[in-house]
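I'd like to go over a predicted model; first the sequence, then the structure.
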Amino acid sequence: MGFGDLKSASGLKLLNDFLADRSYIEGYVPSQADIAVFEALGTPPSAAFFHALRWYNHIRSYESTKSSLPGVKQPLGKYGPQNVADTTPTKAVADDDDDIDLFGSDDDEESAEAQRIKEERLAQYEAKKSKKPALIAKSSILLDVKPWDDETDMSKLEECVRSVLMDGLVWGSSKLVPVGYGIRKLQIQCVVEDNKVGTDLLEEAITAFEDYVQSVDVAAFNKV
């Protein structure tokens, strides 16, 4: 199991495919599993691996509080897809190189056996990939949540916003942005599954906290 070398294109592809229908490496909340893989990557994946890049940017928002995330960090090989074809030569094949028959009598048989094993593993991997569920369309949304005045408790306002829980909704990083006259708005990021959560539904749920929230605007909307 595992993603293999995350510095290689094959490792990044495995990670990208793995995250096509997942928000996190394990479970439904960020954990030490995400931090382990995040740190192994080191740098953001390219835009070609868009699922992995979406996940990387989301986990990066937890980098300053990573020690508080649940779980126990395991070796990198403990995370990832099961039964992935190992492209590293097996010990048996490696030993064959050391025991070369100088007369060449078994070379063809050994090469054919190694090729057969490789093809079987690739076939198993492709069969597993074909059974994966259809791609779930997701969007990254940046919301501007405006209070009534400069006396509004912004900590309580953010607590109310994050208390909105929906299937297909994951809250991300946030910050307070000055708008003038001592008033600050809450800017908060979230990722939603398009077929489950819409902007109208989000706005309706957040503006229900009418003691704190004056209005909600969509500052940015991007497909992920």
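That came through fine. Residues are numbered from 1 along each chain as shown.

Relative to residue 191, how far out is the nearest residue to residue 193 once chain neighbours are set aside?
The spatially closest residue to residue 193, leaving aside those adjacent along the chain, is residue 168, at 3.4 Å (CB to CB, 6 or more residues apart in numbering). For the C-beta atoms, the positions are set from N, CA and C on the backbone; glycine is no exception. To residue 191, residue 168 is 9 Å away according to CB to CB, to the nearest Å.

repeat for residue 179
Here the criterion is CB to CB. By it, residue 179 lies 25 Å from residue 191.

Of the two, which one has the most company?
It is residue 191, of residue 179 and residue 191, that has more neighbours when counted by other CB atoms under 10 Å, with 21 against 13.

Now the residue most central in space within the chain: closest residue in space, sequence neighbours ignored.
Per CA atoms, centre = their mean, the C-alpha nearest to the average position across the chain is that of residue 55, at 2.8 Å. The shortest distance from residue 55 to any non-neighbouring residue, by CB to CB, 6+ apart, is to residue 19 (4.9 Å).

I'd guessed that neighbour sits against residue 50; true?
No. Assessed by CB atoms under 8 Å, residue 19 is found out of contact with residue 50, at 9.5 Å.

When those two are compared, which one has more neighbours?
The neighbour comparison of residue 19 against residue 50 (other CB under 10 Å) goes to residue 19, with 21 against 16.

residue ranges of the strands in the protein, please?
For the chain, the strands defined by DSSP state E occupy 138-147, 169-180, 183-193, 213-223.

could you give the angle of the shortest one to strand 183-193?
Think strand 138-147. 160 degrees (axes from the mean of the first three to the mean of the last three CA atoms, to 10 degrees).

before we move on, what about the second one?
Computed by the same axes, to 10 degrees, the angle separating strand 169-180 from strand 183-193 equals 160 degrees.

One more: the last one?
Counting by the same axes, to 10 degrees, strand 213-223 lies at 40 degrees to strand 183-193.

tell me which residues of strand 213-223 are tucked away?
Under the neighbour-count criterion of 16 or more other CB atoms under 10 Å, strand 213-223 has 213, 216 buried.

Appreciated, that's everything.
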